[in-house]
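Enquirer: test case, fold it:
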Amino acid sequence: MTEVLKPLRDPAPMLEQALREWGGEEDLWVFGYGSLIWRPEFDFAEQRPARVHGWHRALKMWSRINRGTPERPGLVFGLLTGGCCRGMVFRIARDQGAPTLARLWSREMTLAVYDPRWLVAHTPQGPVRALAFTLSRNSPSHTGELSAEEYRAIFSEAQGIYGTTLDYAHRTLEELRRHDIRDRNLEKLLKLIQHGDA
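Expert: Next up is the predicted model:
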């Protein structure tokens, strides 16, 4: 019997807090570093390349619904402290900000794993304050360090409602390259799968 997954905490107050912190006076900015780049599922008025400092993209978050199951968890990207991350920011018109945040919550915060926080995203046109979905290393959904063998097993076996972890990783790498963003860690992981070496 499939395990029924429960949220780590109530996502509703977290949405209310994000709405308060945004304030609704200006357009909303959202920072995408994984699937939001290639499947945002919301309308946006503008898209810019962006860089956030003090955080990095890492394929170290367990996915028990989208890219895996409770019995065979897959992986998705989290934004972890340390380093630097290049991605994209999306500007959402002010009057669409609240409904867009609600849609993002239903997509990203089903299990309330992420810690949504406002980060300074540096763009060619200047810095913007953008909402990002970050992951705590103390979260039960943080994988910690995984071995090459563990990554190989996950890439070969894990599949969820949106497809495989392997497809997710490939799609993200393709989209990053399309935006001239290099992710050497992801390249190394996929090379590990394809060639059997690190």
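Enquirer: output the below-cut-off pLDDT ranges for this structure.
Expert: When residues are selected by pLDDT under 70, those of the chain lie in 1-4, 195-198.
Enquirer: just the strands from it, written as ranges.
Expert: Residue ranges of the strands in the chain, as given by DSSP state E, are 28-32, 46-63, 74-92, 115-123, 126-134, 159-160, 163-164.
Enquirer: just put those in JSON lines and tack on mean neighbour count and distance to Trp105.
Expert: (Each C-beta comes from the backbone N, C-alpha and C, glycine too.) Below are the strands of the chain laid out as JSON lines (neighbours: other C-beta atoms under 10 Å; distance: least, C-beta to C-beta, whole Å):
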{"stretch": "strand 28-32", "mean neighbour count": "25", "distance to Trp105": "12"}
{"stretch": "strand 46-63", "mean neighbour count": "19", "distance to Trp105": "17"}
{"stretch": "strand 74-92", "mean neighbour count": "21", "distance to Trp105": "14"}
{"stretch": "strand 115-123", "mean neighbour count": "18", "distance to Trp105": "9"}
{"stretch": "strand 126-134", "mean neighbour count": "18", "distance to Trp105": "10"}
{"stretch": "strand 159-160", "mean neighbour count": "18", "distance to Trp105": "19"}
{"stretch": "strand 163-164", "mean neighbour count": "16", "distance to Trp105": "22"}
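Enquirer: show me the one of those strands that comes nearest Pro11.
Expert: Using C-beta to C-beta as the measure, strand 115-123 is the one of the strands of the chain that comes nearest Pro11, at 9.4 Å.
Enquirer: give me the contact list for that closest one.
Expert: 14, 18, 21, 29, 31, 48-55, 89, 109, 127-136 (C-beta atoms under 8 Å, 6 or more residues apart in numbering).
Enquirer: still on that earlier bit, just send the strands of the chain back as TSV, with distance to Arg9 too.
Expert: Written out in TSV, the entries for the strands of the chain read as follows (distance: least, C-beta to C-beta, whole Å):
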stretch	distance to Arg9
strand 28-32	21
strand 46-63	16
strand 74-92	16
strand 115-123	10
strand 126-134	14
strand 159-160	22
strand 163-164	27
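Enquirer: nearest to Glu145, out of these?
Expert: The stretch from the strands of the chain with the least distance to Glu145 (C-beta to C-beta) is strand 46-63; that distance is 8.3 Å.
Enquirer: so what's Gly54 up against?
Expert: Residues in contact with Gly54, defined by C-beta under 8 Å, 6+ apart, are 81-84, 119.
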